[in-house]
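A.B. asks: Quick check, what structure comes out for this input:
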Amino acid sequence: MHRAGYRTPAGNTILQPCRSYLFTHRLLAAVDDSDLRAQERVLSQLICTETRRVYINDKELEMLPQGRPWRSMCKGLILGTLLTSFMLLLYSYAIPPLHFSNTQNSAQYQCSSYPAQAKYSVLPAKASNRSVDGSHSCQPRKDIVFMKTHKTGSSTILNILFRFGEKNSLKFAFPSGRNDFFYPSYFERGQVEGYQPGMCFNVFCNHMRFRYHEVHLLVPADTTYVTVLRDPALLFESSFNYFKHVVPLTWKLSGEDTMAEFLRDPWHYYDPDGINSHYLRNLLFFDLGYDNNLNAESPLVEAQIKEVGARFQLVMLMEYFDESLVLLRDLLCWDLQDIVYFKLNARRDSTISQLTPELYQKAADWNQIDTKLYRYFNATFWHKVDTYGRERMARDVAELQKENEKMRRVCIEGGHAVDYESIQESALQPWQPVGEKNILGYNLKKNIDVKYKRLCRKMLTPEIQYMTNLGANLWITKLWSHVRSFLGF
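C.D. replies: Numbering: from 1, shown residues only. Here you go, the predicted structure:
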């Protein structure tokens, strides 16, 4: 009986005793396309899909196990499910949040009273002064908006706020489905999980692109607003290396030191309208809700910097972190135990690019608006320190550092941070940047005194896990995490 054949590129015919075949792709991938005879040898290895027999040069070699088609189908089903989930994720990121027109009467949406769901008895906020000996002359403030800026040590401050809020049963405004308020979009009320007009919250502390006229409608009128800045040149280095895999503008950079190449001629690579380009220029100004591509000499820049000063009661500086926390403690009338901390979300030293004086200056010049912003609030910061008292500040910083050191010895296995791969509990593994695993974490000591065990765990818990513990629904963030894990990045 005549059998139809498949003609190879070399002109030979391979007999086909079946109606359909599968080629062995693994061998095919190893063949040089220019070698026709080698290609013929590969093409002549066929799998009969009816009998599950393998034929090499028309000779039966073996019968394949019948289970393999089911494995392929299962893999295909899994891949299809993941692809569908990924598309849903992209859709969730792309869909605009519920929008409220600015023409609407904002009074009906104003937070008119303290949160009905809050479990504490609210005391009116007084001046944030305490006596020189540290005793209270005020009531702790419990309504706080922390404008969480990027790459400024803000994750450590976030942990402090989570602990304080949990201890005092405060009501957090959490994003819907994610760990940020649909950043880099401007903040809107509809981005808050479960939002209904008239709702009131105690604490805002997740990443957002700040919009004061939306935020203030959701918190009491006497809420304290704080944020944190960082030296713009050092922030640029951190942001460039952390976000480079999600900023397409950086993908065309060549050489071993891509940051130095970018700073050599930024406008050759930078596009103000590029995807995630805000991570590469004046990121602080952008986070605070302003145009990061303005001319730095524009009068509008100076006016907006002063506007930040009018809205925020305290602008902290990462370079003076302990001094900043002492000022925060004084402003909020908190206790020392409320501000003890471990450094969270820090990068491995080997991944930090050391800026030469020349590169530092180039980075500062490229981020000129942020540089102006930082200089302005550096001056106001030290004015606050002088008002607080330099000697008193030194004494309180030393007290905070002593308490931090005590907690380090009590809580942390080995006394120091470790690489991601060395973190033993998934509950203590911090979120990693795309394509990297360079964010450090900690291991909890095994036999901790019961007096400190609960506090130790909370101080070491990363943002995502802590939000989950507080009841936030992070389904989008978690789905993205699973997709990244499956794809290996």
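
A.B. asks: Got the phi and psi for residue 181?
C.D. replies: When read as degrees, to the nearest 10, the backbone of residue 181 gives phi -90, psi 70.

A.B. asks: same thing with the one 10 residues further on?
C.D. replies: Main-chain dihedrals, residue 191, degrees, to the nearest 10: phi -80, psi -10.

A.B. asks: I'd say it and residue 181 touch.
C.D. replies: Yes - using C-beta atoms under 8 Å, residue 191 is in contact with residue 181, at 4.6 Å. Where you see a C-beta, it was placed from the backbone N, CA and C, and this is true even at glycine.

A.B. asks: Between these two, which contacts overlap?
C.D. replies: 175, 208 (C-beta atoms under 8 Å, 6 or more residues apart in numbering).

A.B. asks: Can you tell me how far the one residue sitting closest to the centre of the chain is from residue 447?
C.D. replies: Note on the chain: the residue nearest the mean C-alpha position is residue 431, at 7.0 Å, using C-alpha atoms, centre = their mean. Using C-beta to C-beta, to the nearest Å, one gets 29 Å for the distance from residue 431 to residue 447.

A.B. asks: again, but for residue 454
C.D. replies: 15 Å.

A.B. asks: Who has more neighbours out of those two?
C.D. replies: Neighbour count, other C-beta atoms under 10 Å: between residue 454 and residue 447, residue 454 has more, with 10 against 5.

A.B. asks: Can you tell me the element that one falls in?
C.D. replies: helix 450-460 (DSSP states H and E).

A.B. asks: Show me what that helix is packed against.
C.D. replies: helix 154-167, helix 390-411 (3 or more C-beta pairs under 8 Å, 6 or more residues apart in numbering; DSSP states H and E).

A.B. asks: okay, those helices, which one's buried deepest?
C.D. replies: helix 154-167 (a mean of 20; mean count of other C-beta atoms under 10 Å).

A.B. asks: On the strand side of things, show who the nearest residue to residue 313 once chain neighbours are set aside bridges to.
C.D. replies: Nearest residue to residue 313, sequence neighbours excluded (C-beta to C-beta, 6 or more residues apart in numbering): residue 224, at 5.4 Å. When bridges are called by DSSP bridges, residue 224 pairs up with residue 144.

A.B. asks: coming back round to it: how far away is the residue nearest to the centre of the chain from residue 311?
C.D. replies: 29 Å.

A.B. asks: again, but for residue 461
C.D. replies: 30 Å.

A.B. asks: Between those two, point out the one with more neighbours.
C.D. replies: residue 461 (23 against 17).

A.B. asks: you'd agree the more buried one is up against residue 427?
C.D. replies: Yes - using C-beta under 8 Å, residue 461 makes contact with residue 427 at a distance of 6.9 Å.

A.B. asks: Do a quick rundown of the strands in this protein.
C.D. replies: 5-7, 13-15, 21-23, 45-48, 53-56, 59-63, 144-147, 203-204, 224-229, 314-317 (DSSP state E).

A.B. asks: Pull the number of nearby residues for residue 194.
C.D. replies: 9.

A.B. asks: How about the contacts made by the closest residue to it other than its chain neighbours?
C.D. replies: The shortest distance from residue 194 to any non-neighbouring residue, by C-beta to C-beta, 6+ apart, is to residue 176 (7.6 Å). By C-beta under 8 Å, 6+ apart, residue 176 lies in contact with 97, 191-195, 473.

A.B. asks: With pLDDT and distance to residue 213 as added columns, please give those residues in TSV.
C.D. replies: Formatted as TSV, the contacts of residue 176 follow (pLDDT from 0 to 100; distance: C-beta to C-beta, whole Å):
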residue	pLDDT	distance to residue 213
97	45	16
191	97	14
192	97	15
193	96	21
194	94	21
195	94	16
473	93	26
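
A.B. asks: Buried only: go through those for me.
C.D. replies: Among the contacts of residue 176, the ones that count as buried by 16 or more other C-beta atoms under 10 Å are 97, 191-192, 195, 473.

A.B. asks: Just give me the closest of those residues to residue 219.
C.D. replies: For these, the minimum distance to residue 219 (C-beta to C-beta) is 11.1 Å, reached by residue 192.

A.B. asks: my guess is that closest one contacts residue 175, does it?
C.D. replies: Yes - with contact defined as C-beta under 8 Å, residue 192 reaches residue 175; the gap is 7.1 Å.

A.B. asks: Let me see the contact set for the residue nearest to the centre of the chain.
C.D. replies: By C-beta under 8 Å, 6+ apart, the residues touching residue 431 are 345, 439, 462-464, 481.

A.B. asks: filter those to the buried ones?
C.D. replies: 345, 439, 462-464.

A.B. asks: pretty sure residue 226 is in contact with residue 145, am I right?
C.D. replies: Yes - when contacts are counted by C-beta under 8 Å, residue 226 is listed as touching residue 145 (7.4 Å).

A.B. asks: which of those two has more neighbours?
C.D. replies: residue 145 (26 against 21).

A.B. asks: thought that one was touching residue 225?
C.D. replies: Yes - using C-beta under 8 Å, residue 145 is in contact with residue 225, at 4.7 Å.

A.B. asks: Per-residue pLDDT of residue 351, please?
C.D. replies: Model confidence at residue 351, given as pLDDT, is 81.

A.B. asks: Could you report the neighbour count for it?
C.D. replies: Residue 351 has 13 neighbouring residues, counting by other C-beta under 10 Å.

A.B. asks: do the one 10 residues further on as well
C.D. replies: The criterion is other C-beta under 10 Å. On that basis, residue 361 has 13 neighbouring residues.

A.B. asks: Identify the residues contacting it.
C.D. replies: residue 233.

A.B. asks: ok, residues contacting stretch 298-312?
C.D. replies: 147, 212, 225-227, 285, 288, 290, 294-295, 315, 369, 372-373, 376-377, 380.

A.B. asks: Same check on stretch 243-261?
C.D. replies: 237, 240-241, 262, 269-271, 274-277, 279-280, 353, 359, 433-436, 489.

A.B. asks: could you redo the last one with a cut-off of 6 Å?
C.D. replies: 240, 262, 269, 274-277, 279, 353, 434-435 (C-beta atoms under 6 Å, 6 or more residues apart in numbering).

A.B. asks: and of those residues, the nearest to residue 219?
C.D. replies: residue 279 (28.1 Å).

A.B. asks: Wait, the closest one touches residue 237, no?
C.D. replies: No - counting by C-beta atoms under 6 Å, residue 279 stays clear of residue 237, with 11.9 Å between them.
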